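Fold the following and give me the result.
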Amino acid sequence: MPLTTPVLDTDRLRLRPVTGADGDRLFALHSSAHVMRYWDSPPWSERARADRFVAVSHRMAEEGTGARLAIDRGADGAFVGWCALTGWDADNRSAELGYVLDAAMWGHGYATEAARAVLRWAFDTLDLNRVQAETDTRNVASARVLEKIGFVREGTLRENCVVNGEVSDSWVFGLLRRDR
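As a prediction, this is how the structure comes out:
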């Protein structure tokens, strides 16, 4: 069943469905080695990757498996990044949270604000019981964002991915409906 990707407004942000018009901004974001340094795939080197990202975003909504939202700053419309809820499992009432923000937008609380909005929508609309998130253990800033919004670090996945040719550990975080 399709899942309508919402438009969510916060005090400082507008979260909206990813569109083809976001392609250049998505490519700039994902081609940055600095932004992607903890990601489990290399920075993008071809613009076509952005078009595939947009297509997958639309397919997720059509298949009802998640919602990926572009984040714009409300004051001036500047592209901040994206936040997503993926892997929605209606039977187990669970999903996964993820986000990527432009480096110029780090340190302003935008990731926290955007993730809170997506979680509020997800828990209320999808009747979730659990949301999970993972972050590279070296990405302390992302771990802090998750903890600020109520996630609990539940464990470490040892050497579960390779980041820039280096074997890396990930922390697993969980947020339960009753704990939010």
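
Partner strands of the helix or strand bottoming out on mean pLDDT in the chain and their direction?
Sorted by mean pLDDT, DSSP states H and E, the helices and strands of the chain end with strand 152-163, the least confident at a mean of 93. When pairing is defined by DSSP bridges, strand 152-163 lines up against strand 166-176 (antiparallel).

in the strand it pairs with, what counts as buried?
Going by neighbour count (16 or more other CB atoms under 10 Å), the buried part of strand 166-176 is S168, S170, W171, V172, F173, G174, L175. The C-beta positions use only the backbone N, C-alpha and C, and glycine is treated the same way.

ok, so what distance separates the first one from R130?
When distance is defined by CB to CB, to the nearest Å, S168 is 24 Å away from R130.

now do A78
From A78 to R130 the distance is 33 Å (CB to CB).

same check, this time on R93
Taking CB to CB, one finds R93 at 7 Å from R130.

that older thread, A78 and R130: which has the busier surroundings?
Shown here are A78 and R130; by other CB atoms under 10 Å, R130 has more neighbours (17 against 13).

Count the neighbours of the nearest residue to the more buried one once chain neighbours are set aside for me.
Nearest non-adjacent residue to R130, counting by CB to CB, 6 or more residues apart in numbering: S94, 4.4 Å away. The local packing of S94 (other CB under 10 Å) involves 17 other residues.

Which parts of this protein are helices?
23-30, 48-63, 110-126, 140-148 (DSSP state H).

want to throw those helices into a markdown table with distance to L85 and mean neighbour count?
Formatted as a markdown table, the helices of the chain follow (distance: least, CB to CB, whole Å; neighbours: other CB atoms under 10 Å):
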| stretch | distance to L85 | mean neighbour count |
| --- | --- | --- |
| helix 23-30 | 18 | 19 |
| helix 48-63 | 9 | 16 |
| helix 110-126 | 5 | 20 |
| helix 140-148 | 14 | 17 |
